[in-house]
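Asks: Need the 3D shape of this:
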Amino acid sequence: MTSTAAPKSGARSAQPEHLGHVIFIAAAAAMGGFLFGYDSSVINGAVEAIRDRYDIGSAALAQVIAIALIGCAIGAATAGRIADRIGRIRCMQISAVLFTVSAVGSALPFALWDLAFWRVVGGFAIGMASVIGPAYIAEVAPPAYRGRLGSFQQAAIVIGIAISQLVNWGLLNAAGGDQRGELMGIEAWQVMLGVMVIPAVLYGLLSFAIPESPRFLISVGKHERAREILKEVEGDHIDLDARVTEIEHAMNSEHKSTFKDLLGGGFFFKPIVWVGIGLSVFQQFVGINVAFYYSSTLWQSVGVDPTESFFYSFTTSIINIVGTVIAMIFVDRVGRKPLALIGSVGMVIGLGLEAWAFSFDLVDGKLPAAQGWTALIAAHVFVLFFALSWGVVVWVFLGEMFPNRIRAAALGVAASAQWIANWAITASFPSLADWNLSLTYVIYTVFAALSIPFVLKFVKETKGKALEEMG
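Replies: Okay, here's the model as predicted:
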């Protein structure tokens with residue numbers, strides 16, 4: 001009986017001759033992650049100005065901030081299918097155009113509904129970038145480097161967050177500490193939102209400098225071009241014909257992924273899809289994006305000066321970068337699963353301390369000194385442990401964990417679930433904080449604690465495995 005298994009190509013030990021070029025390719029693709037982080041977090045500097053300019057309460061304000069996440073969910077849900085039809089690179093270019101249009105529209109809104117609309121457009125672009133970045137990097141990266149290169153997506157996100165906070169802080173100071181102060185003929189918060197045009201255009205230009213995914217090229221019959229790119233990113237010492245056959249065999253073993261392929265297992269979706277959804281939901285339900293969407297408002301609510309609150313938002317972003325670098329160093333050494341567990345324990349401690357600190361009454365509009373410093377330090381501890389674990393490993397897991405036959409569709413569903421969970425947290429925080437800030441953080445602490453048994457029971461390690469081995 002003849003075996004139908006694909007020949008061994010040596011891909012698992014692939015060593016590209018020009019690693020710097022592979023790093024450039026991954027970094028260029030991760031520019032979408034930078035825009036993802038920048039666009040997600042830049043609104044932090046405009047929250048109070050929007051509340052004041054349009055005279056709206058916490059509930060309405062939350063909807064304007066969170067509505068972008070609806071666009072994110074739609075973009076994430078559709079990006080996989082778009083990428084399978086027209087290619088990963090074209091998908092990136094569409095995303096870059098939408099980021100650019102959103103930045104201009106958000107900077108020059110006619111009314112509140114207009115601002116909300118442009119935020120949805122930007123959200124759609126973020127959703128596309130959240131899917132296409134990790135999927136593309138996973139498909140072009142040699143297996144031995146895939147964890148580190150896959151973590152570029154999260155590194156780019158956290159750098160985007162930090163740069164947005166630094167720009168916001170600089171613009172606030174230029175406007176005399178007033179978010180509605182005049183800069184370049186418009187209000188400071190509008191300039192904050194408009195600056196994103198610069199990285200959006202850069203992302204579009206970089207997309208023309210990197211190759212298409214070899215897996216997409218094979219799927220559309222462009223085998224020779226796929227061989228060229230595989231040689232470029234995995235080295236010419238592997239058996240290129242066997243490598244192409246290996247990928248083609250894995251892709252052809254099942255028909256192309258559709259939403260229907262995700263169904264089964266007795267609970268609507270296949271179990272592996274539920275694990276991806278669970279990872280996405282836990283990543284958001286610990287409340288991480290409260291730290292990036294509302295941190296300035298949060299610190300001001302407990303008596304911190306506006307300029308100082310912007311500075312603390314920036315320092316939190318720097319801690320986010322430090323944690324991400326730690327994760328990039330250890331994700332391929334320690335593994336994805338151990339990092340997730342370490343992070344969960346650290347987040348429980350940080351969030352628990354924040355909940356304790358916020359349980360005290362304000363004195364002269366401020367937290368008592370001990371509780372104030374505890375809250376500030378605990379917030380940084382929480383962000384550090386999130387960044388060195390769940391911030392990176394969830395994106396790496398989602399790029400790796402699904403079988404080839406369902407990867408695009410499953411990644412789209414999991415990323416969409418992430419944006420819906422993000423919306424739930426973002427839309428609910430202002431009202432929950434008005435109700436009881438301490439209990440709000442207790443809720444986040446509980447989800448961080450529940451993530452530990454979830455990872456232990458349901459999540460499988462993917463470190464060191466070729467994509468064709470998944471599932």
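
Asks: Which helix or strand in this structure has the lowest average pLDDT?
Replies: strand 263-267 (a mean of 69; mean pLDDT, DSSP states H and E).

Asks: Just checking, which helix or strand succeeds that strand along the chain?
Replies: Counting by DSSP states H and E, the next helix or strand C-terminal to strand 263-267 is strand 269.

Asks: from the middle of its chain, how far away would that next one be?
Replies: 23 Å (C-alpha atoms, centre = their mean, to the nearest Å).

Asks: Give the rounded mean pLDDT of it.
Replies: Across strand 269, pLDDT averages out at 84.

Asks: Could you find the closest non-adjacent residue to residue 97?
Replies: Leaving aside its sequence neighbours, residue 97 sits nearest to residue 204 (C-beta to C-beta, 6 or more residues apart in numbering; 6.8 Å). Placement of C-beta: from N, CA and C, glycine included.

Asks: can you map out the strands along the protein?
Replies: For the chain, strands defined by DSSP state E occupy the ranges 182-183, 186-187, 263-267, 269.

Asks: So which of the ones you listed is the most surrounded?
Replies: Of all these, strand 269 carries the top mean neighbour count, a mean of 19, counting by mean count of other C-beta atoms under 10 Å.

Asks: Identify the residues contacting that strand?
Replies: Applying C-beta atoms under 8 Å, 6 or more residues apart in numbering, the contact partners of strand 269 are 262-263, 277, 413.

Asks: ok, residue 456 touching residue 340?
Replies: No: Residue 456 lies out of contact with residue 340 (C-beta atoms under 8 Å); the separation is 9.6 Å.

Asks: who has more neighbours, those two?
Replies: Comparing residue 456 with residue 340 by other C-beta atoms under 10 Å, the one with more neighbours is residue 340, at 25 against 12.

Asks: show me the contacts for that one.
Replies: Neighbouring residues of residue 340 by C-beta under 8 Å, 6+ apart: 389-390, 393-394, 451, 455, 459.

Asks: and those residues, which of them are in helices?
Replies: Among these, the ones falling in helices (DSSP state H) are 390, 393-394, 451, 455.

Asks: Pick out the most distant pair among those.
Replies: Between any two of the ones in helices among the contacts of residue 340, the greatest separation by C-beta to C-beta is 11.4 Å, found for 393 and 451.

Asks: Name the residue in the two with the higher neighbour count.
Replies: Neighbours were tallied for residue 393 and for residue 451 using other C-beta under 10 Å; the higher tally belongs to residue 393 (30 against 27).

Asks: how about the nearest residue to the more buried one, chain neighbours excluded?
Replies: Nearest to residue 393 is residue 336, by C-beta to C-beta, 6+ apart, at 4.4 Å.

Asks: hang on, isn't that neighbour packed against residue 150?
Replies: No: judged on C-beta under 8 Å, residue 336 makes no contact with residue 150 at a distance of 9.8 Å.
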